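Engineer: need coordinates for the below:
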Amino acid sequence: MLGYVTLGTNDLARAGRFYDELLAEFGAKRAMEMKTFIAWSTGPGSPMVSVIEPFDGKAATVGNGVMVALMASSKAQVDALYRKALALGARDEGAPGPRGDGFYAAYFRDLDGNKLNAFFLG
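Structural biologist: You can find the predicted model right below:
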């Protein structure tokens, strides 16, 4: 059901470098790119993650309560994504670990303060 998620950025080049490396952990590559927008996907028909400079020209801000969850294929991939995000300059919001029965997750904020989580069910 999910087609894509868009996160605001105030520095498209910096956000592009961050997500190029982070989303490569899933095998994702840039699928679309315009002057103010970049989107990544693992292939045609797959959901996308994108970053954009706001259309209204105002500064991008973080949505309170908004979070993008990235589905990992294993606990090891959750751990790897978390470590990669922090190595790329992301801010810790919760180290990898169990968060209830069968739910394993890690939380971090990207370089613009957007909250993401990597999770594995199982």
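Engineer: how close does Ala60 get to Asp11?
Structural biologist: 9 Å (Cβ to Cβ, to the nearest Å). Heads up, the C-betas are built off the backbone N, CA and C, glycines and all.
Engineer: go on, Ala76?
Structural biologist: Taking Cβ to Cβ, one finds Ala76 at 31 Å from Asp11.
Engineer: could you check how far the closest residue to Phe119 other than its chain neighbours is from Gly89?
Structural biologist: Nearest residue to Phe119, sequence neighbours excluded (Cβ to Cβ, 6 or more residues apart in numbering): Ala105, at 4.0 Å. The gap separating Ala105 from Gly89 is 20 Å, by Cβ to Cβ.
Engineer: tell me which of those two has more neighbours.
Structural biologist: Each of Ala105 and Gly89 has its neighbours counted (other Cβ atoms under 10 Å); Ala105 has more, 22 against 12.
Engineer: quick one: that one and Gly94 touch, right?
Structural biologist: Yes: assessed by Cβ atoms under 8 Å, Ala105 is found in contact with Gly94 at 7.4 Å.
Engineer: which residues do the two both contact?
Structural biologist: Each of Asn117 lies in contact with both Ala105 and Gly94 under the rule Cβ atoms under 8 Å, 6 or more residues apart in numbering.
Engineer: sorry, back to before: who has more neighbours, Ala76 and Asp11?
Structural biologist: Asp11 (14 against 11).
Engineer: what about that one, distance to Arg83?
Structural biologist: 23 Å.
Engineer: swap in Met67?
Structural biologist: 19 Å.
Engineer: neighbours of Phe120, how many?
Structural biologist: 19.
Engineer: so what sits opposite it in the bridge?
Structural biologist: Tyr104 (DSSP bridges).
Engineer: and the pLDDT for it?
Structural biologist: pLDDT recorded at Phe120 is 97.
Engineer: ok, now Gly65?
Structural biologist: For Gly65, pLDDT reads 88.
Engineer: again with Pro96
Structural biologist: pLDDT at Pro96 comes out at 98.
Engineer: what residues does the strand or helix carrying it touch?
Structural biologist: According to DSSP states H and E, Pro96 maps onto strand 91-98. Residues from elsewhere that reach strand 91-98 (Cβ under 8 Å, 6+ apart): 75, 78-79, 82, 86, 104-109, 113, 115, 117-118.
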